[in-house]
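A.B. asks: below are the sequence and a predicted model for it; my questions follow.
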Amino acid sequence: QIELKHGSHRIGKRTDAVMQKWRGYGLGQFIHWGLYAIPGGEWNGKQYNGAAEWIRSWNGIPKSTYDSLIYKFNPVNFNAEEWAVTAKQMGARYVTITTKHHDGFCLWPSKYTRYTIANSPWKKDIMKPLVDAYDKQGIDVILYFSVMDWNHPGWRYDIKTKEDSIAFEGFKQFTRNQLLELLTLYPTAKGLWFDGTWDKSWIKQAAFADELETEMRKFRPGLIIGSRFRADENGKRHFDSNGVLMGDYEQGWERKIPNKIEDVHGNDWDCVMTVPENQWGYNKAWKGHIKTRNELLEMTAKCVSLGGNFVLNFGPQGDGAIRKEEKQLAAQIGDWMKTNSEAIYNCEYAGLEKQDWGYFTKKTGSDKLYMIVFNVPVSGALKVKLPANTSIGKSYLLAQPAQLLNAEEISGTEYFIHLKNTAAGNPFVVVLEPTAKKASGNTYDKAKT
Ligand SMILES: Cc1ccc([C@@H]2N[C@@H](C)[C@@H](O)[C@H]2O)cc1
């Protein structure tokens, strides 16, 4: 154990109601929207090869030209209600929205900089209608905030000179002011999702960031902050110098999903995922692999089966409309969730051996098990291994609970669930209601070798 002043301040998961609700969300939506949605990954007919929200870093556009996009931001088709209803139909239970991305453009009328929506043709606050619309749909709001701010004169990638440190002191106060401003203006927000915290300049602010995190938690009791906000005094991020998780959940699963329960180290976590390979902001020309509904459902099931949540990103267009591909995906996912969300919401890691047909989840606070099936075996029989003292009370398709399935006991702990119909065109859910197992007294279970 290394003596730490600015390491993690908690061992183990939070047990309060706000975090317990977060733990059970299952499915969320990410929204990346800002000036970068106007060029949409293209400038003067040339494509930017990186992620569209990073187009300012491309030498294909002068920085000042990008920065003057503020004078073009007038999303006449923006409709907060429509976005929130789309998310509701998808079955999202929380949403993370970019208040300010790396370019420093604020979607709220911050008083600490001129580079905000208030000085765009649109003029009006974007965040308030969004927070209200999602709250109305019963979808909890998390505010994304990039510490790295390319627009602010005090931003530095590292602190090398006296001038740097004076400039960065001003930047730190600006950051604190904006965060307290966001918490004041949008009091129903349940958390802050930090990004842009990997540069040396911020990593060197262990004490400041630790004090700021404490101040924000006091300002908004129950506030949820992930592991990406701050580093400990040794520069350790996400996990402190003793390997203990910083913040309330692991925030490293960006565009990647853990493979086994050991990978999540007993922590809360969520995976944030793009529909194309790597585009968060709107990109006119989606290139490469675009994930399908079934892939995204499998990612959702896999995340929940390993105790996490899956957060799918939407990148609305510069005019404020959500692109048709994302609307279609939201509807397709929502259609499946209508029948099957019981296996996703308020579920957790079931503790059973992974099988090839798909993923187990377990209803939190109950013994009910769900088998989310993506790969029907040619035998039509789904293998299940249960703990020794458990057997299968009954099993049935979630979509047809009256039709019991035959659960054949193979040995003391193994069963085959025999499907009646193996021509499944869609992922489906089998429910297992386990019961305590009477001692079988069968002494020949284990072969003598
Ligand atoms: C290398 C890299 C830096 C920043 C990111 C940002 N994090 C995502 C959540 C998006 O905001 C992306 O711009 C992604 C990759």
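C.D. replies: Perfect, thanks for sending it.
A.B. asks: what's the burial count for the closest residue to Leu369 other than its chain neighbours?
C.D. replies: Once flanking residues are discounted, Leu369 sits nearest to Leu432: 4.1 Å by Cβ to Cβ, 6 or more residues apart in numbering. For every residue, glycine as well, the C-beta is placed using N, CA and C. Applying other Cβ atoms under 10 Å, we find 26 other residues in the vicinity of Leu432.
A.B. asks: off-centre distance for the strand or helix carrying Leu432?
C.D. replies: Per DSSP states H and E, Leu432 falls inside strand 428-436. Mean C-alpha position of strand 428-436 versus that of the full chain (Cα atoms, centre = their mean, to the nearest Å) differs by 28 Å.
A.B. asks: and what of stretch 280-288?
C.D. replies: So, by Cα atoms, centre = their mean, the centroid of stretch 280-288 is 19 Å from its chain's centroid.
A.B. asks: same question for stretch 344-364.
C.D. replies: Relative to where its chain is centred, stretch 344-364 has its mean C-alpha point 19 Å off (Cα atoms, centre = their mean).
A.B. asks: if you count neighbours, what's buried in the strand holding Leu432?
C.D. replies: Of the residues in strand 428-436, those scored as buried under the neighbour-count criterion (16 or more other Cβ atoms under 10 Å) are Phe428, Val429, Val430, Val431, Leu432, Pro434.
A.B. asks: please save the CA atoms from it in CSV.
C.D. replies: Extracted C-alpha coordinates of strand 428-436, given in CSV (Å, rounded to 0.1, in the frame of the first residue of the first chain):
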residue,chain,number,x,y,z
PHE,A,428,-34.2,-14.2,-28.2
VAL,A,429,-34.4,-14.7,-24.4
VAL,A,430,-34.9,-17.9,-22.4
VAL,A,431,-35.9,-17.5,-18.8
LEU,A,432,-34.6,-19.9,-16.1
GLU,A,433,-36.2,-20.0,-12.7
PRO,A,434,-33.8,-21.9,-10.6
THR,A,435,-34.8,-23.9,-7.5
ALA,A,436,-32.8,-25.4,-4.7
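A.B. asks: if we can go back for a sec, what's the closest of the buried residues of strand 428-436 to the ligand?
C.D. replies: Closest approach to the ligand among these (Cβ to the nearest ligand atom): Val429, at 30.2 Å.
A.B. asks: so which strand or helix has Arg217?
C.D. replies: Element membership of Arg217 [criterion: DSSP H and E] is helix 206-219.
A.B. asks: and for Ile372?
C.D. replies: Here Ile372 is assigned to strand 369-373, by DSSP H and E.
A.B. asks: that strand pairs with which strands, and in what direction?
C.D. replies: Here strand 369-373 is paired, per DSSP bridges, with strand 358-363 (antiparallel), strand 428-436 (antiparallel).
A.B. asks: follow-up on the earlier one: give the contact list for the residue nearest to Leu369.
C.D. replies: The contact partners of Leu432, taken as Cβ atoms under 8 Å, 6 or more residues apart in numbering, are Lys368, Leu369, Tyr370, Met371, Val384, Ile392, Ser395, Ala407, Ile417.
A.B. asks: need the next SSE after the helix holding Arg217, C-terminal direction.
C.D. replies: Per DSSP H and E, the helix or strand that comes after helix 206-219 is strand 224-225.
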